[in-house]
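S.K.: Quick one: sequence and predicted model below, then my questions.
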Amino acid sequence: MKYIIIGLGNYGGVLAEELSVLGHEVIGVDTNEHRVDVLKDKIATSFIIDATDEQSLSVLPLKDVDVVIVAIGENFGASVRVVALLKKKGVKHIYARAVDDVHKTVLEAFNLDSILTPEKEAARSLVQLLDLHVNVESFQIDEEHYVMKFKLPSCFVGYKVSDLSLETEFNIKIIALIKGEKVLNGLGISILEHQVENHFEENYELEEEDQLVCYGLYKNFMDFWKAL
């Protein structure tokens, strides 16, 4: 796929580089020459322009890419103006980064394909790790619903899946079980292999290296982890 990423700061820069590594064609845009220089050999094309200027924005191949991502976060006014100009120019697929709820509310008025809230997600992940001692990978479905994958809490080891009662007590649904097993590779080194089970036995006895993939409200996950 082809992407234009406007704003190559910490968030946009990593996004551009990672998409390029995955084989996508990325065009990077920023007013900061240094940011562009850092990425110019890692992405397909780069532009040093002020995207808030309508004439400057016109040099970009807006109609020839699949998605335009507005990764500007630190400048609220610039972010909103760029999104407005992109809508004016008829860009069909726009993603935009929001740094707070006010920013998000304003962007929602443009009816974008997706509003990205990386700061909120990063903060929530850090809270889970520091305060709840849970290392979580999460996928946000909407404002409050999440799919989360996490290592089995030690207090669950030895229990059967049916003993957990996550759905009845916390309204959290287990949608997959990832079984972890230590095996020896060809060099005789112990490694951990994982096998995803979408259909698992209720009487399966949970082991230390297992992981759970669950669906539910964010507040219900918080209640669950605090109850451990």
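M.R.: Ah, there it is.
S.K.: Please count neighbours and contacts with C-alpha atoms only from this point.
M.R.: OK.
S.K.: Going along the chain, name the helices of this protein.
M.R.: In the chain, the helices defined using DSSP state H lie at 10-21, 33-39, 54-57, 76-88, 101-108, 118-130, 166-170, 218-227.
S.K.: buried sites along the fourth one?
M.R.: The neighbour-count criterion (16 or more other CA atoms under 10 Å) identifies 78-80, 82-83, 85-87 as the buried residues of helix 76-88.
S.K.: outside of it, which residues touch it?
M.R.: Residues from elsewhere that reach helix 76-88 (CA atoms under 8 Å, 6 or more residues apart in numbering): 51-52, 54, 70-73, 94, 96, 103, 106-107, 110.
S.K.: Out of those, which one has the lowest pLDDT?
M.R.: Of all those, residue 73 carries the smallest pLDDT score, 80.
S.K.: tell me which helix or strand of the chain sits lowest on mean pLDDT?
M.R.: helix 118-130 (a mean of 64; mean pLDDT, DSSP states H and E).
S.K.: From the buried residues of helix 76-88, pick the one nearest residue 11.
M.R.: residue 79 (13.8 Å; CA to CA).
S.K.: Show me the chain divided up by domain.
M.R.: If you go by the TED database, the domain ranges for the chain are 1-118, 131-225.
S.K.: Kindly compare burial across those domains and name the winner.
M.R.: domain 1-118 (a mean of 17; mean count of other CA atoms under 10 Å).
S.K.: average pLDDT across stretch 205-219?
M.R.: Mean predicted lDDT for stretch 205-219 stands at 89.
S.K.: end-to-end on it?
M.R.: Criterion CA to CA, to the nearest Å; first-to-last residue distance in stretch 205-219 is 27 Å.
S.K.: any residues touching that stretch, and which ones?
M.R.: Counting by CA under 8 Å, 6+ apart, 144-152, 154, 156-161, 171-181 sit against stretch 205-219.
S.K.: ok so, going back, worst mean pLDDT among the domains of the chain?
M.R.: Mean pLDDT values for those show the minimum at domain 131-225, a mean of 81.
S.K.: centre of the chain versus stretch 9-17, how much separation?
M.R.: 13 Å (CA atoms, centre = their mean, to the nearest Å).
S.K.: hey, C-alpha coordinates of it in CSV?
M.R.: Extracted C-alpha coordinates of stretch 9-17, given in CSV (Å, rounded to 0.1, in the frame of the first residue of the first chain):
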residue,chain,number,x,y,z
GLY,A,9,8.1,13.4,15.0
ASN,A,10,8.5,10.6,17.5
TYR,A,11,5.2,9.0,16.5
GLY,A,12,5.1,9.7,12.8
GLY,A,13,8.7,8.9,12.2
VAL,A,14,8.5,5.4,13.8
LEU,A,15,5.2,4.8,11.9
ALA,A,16,6.9,5.7,8.6
GLU,A,17,9.9,3.6,9.2
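S.K.: Contacts made by it with the rest, please.
M.R.: For stretch 9-17, using CA under 8 Å, 6+ apart, the contacting residues are 5-8, 26, 28, 35, 39, 42-43, 71-72.
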